[in-house]
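*Asks:* show me how the following folds:
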Amino acid sequence: MSDNHEEESSVPEYVPGKHVSVDQLNQQDADDEALTRYKKSLLGAAVHSPKDDPRKLVIKEMKIQIEGRPDIIYPLETPELIKEMKSKPFVLKESCHYKITLTFNIQHDIVSGLKQINSVYRKGIKVSTEKHMLGSFAPQAGSHSVTNPRQGWEEAPSGMLARGSYTAKVVFTDDDNQEHLSVEYAFSIKSDWKSDE
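*Replies:* Numbering: from 1, shown residues only. Just a heads-up that it's a prediction; the model follows:
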């Protein structure tokens, strides 16, 4: 056990590079045609971001996909919709297979190392915390989509102790430790799709 701990502690911690804006990247080496074309292929053409919306990250929707069942979609584009989500819990049948897809837009600037930290609570006690790296994203006209797990399905817990109501909070941060958004939601794990237990 101590060997594993020593191995883990000897791994160097990731240190993100200095933040560089899209404008700064586009201005660097502007006289190099090949590099300019390459940067344009990576960053895309300049995207108009709304001046009245300073957010870099705008979550459009959260979709819960349950194997063999219709998708559950929560639109999250406005602060009102984000608040409303907590009052509309979804149900997972114990042992069902599910995955969650986030659709979002990036505005104004690059978001480097976007990650979500999802904490789940039962009766006010934290029962789990999971961190998922979503990636780095440049602003673009279209939406980005990320599904967790990326391959396969998650399996809902089962058994009498797992059944019940849960609340959760997912926080979106980046390499600069900027908190972009926090969303609270609720769900239940039941023995049957229509059951009260």
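
*Asks:* only C-alpha atoms from now on, for both contacts and neighbour counts.
*Replies:* Will do.

*Asks:* report how many residues lie close to the closest residue to Met85 other than its chain neighbours.
*Replies:* Closest residue to Met85 apart from its sequence neighbours, by C-alpha to C-alpha, 6 or more residues apart in numbering: Tyr185 at 5.6 Å. By the criterion of other C-alpha atoms under 10 Å, Tyr185 has 19 neighbours.

*Asks:* so which strand or helix has Tyr185?
*Replies:* strand 179-190 (DSSP states H and E).

*Asks:* closest to the centroid, which residue in the protein?
*Replies:* Gln116 (4.4 Å; C-alpha atoms, centre = their mean).

*Asks:* measure it to Ser182 for me?
*Replies:* 9 Å (C-alpha to C-alpha, to the nearest Å).

*Asks:* and for Arg150?
*Replies:* 22 Å.

*Asks:* same drill for the two, tell me which one is more crowded.
*Replies:* Between Arg150 and Ser182, Ser182 has the larger neighbour count (other C-alpha under 10 Å), namely 15 against 10.

*Asks:* which residues does the more buried one contact?
*Replies:* Going by C-alpha atoms under 8 Å, 6 or more residues apart in numbering, Ser182 touches Lys169, Val170, Val171, Phe172.

*Asks:* can I get those residues in CSV including secondary structure and neighbour count?
*Replies:* Formatted as CSV, these follow (DSSP: H, G, I helix; E, B strand; the rest coil; neighbours: other C-alpha atoms under 10 Å):
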residue, secondary structure, neighbour count
Lys169, strand, 17
Val170, strand, 19
Val171, strand, 16
Phe172, strand, 22
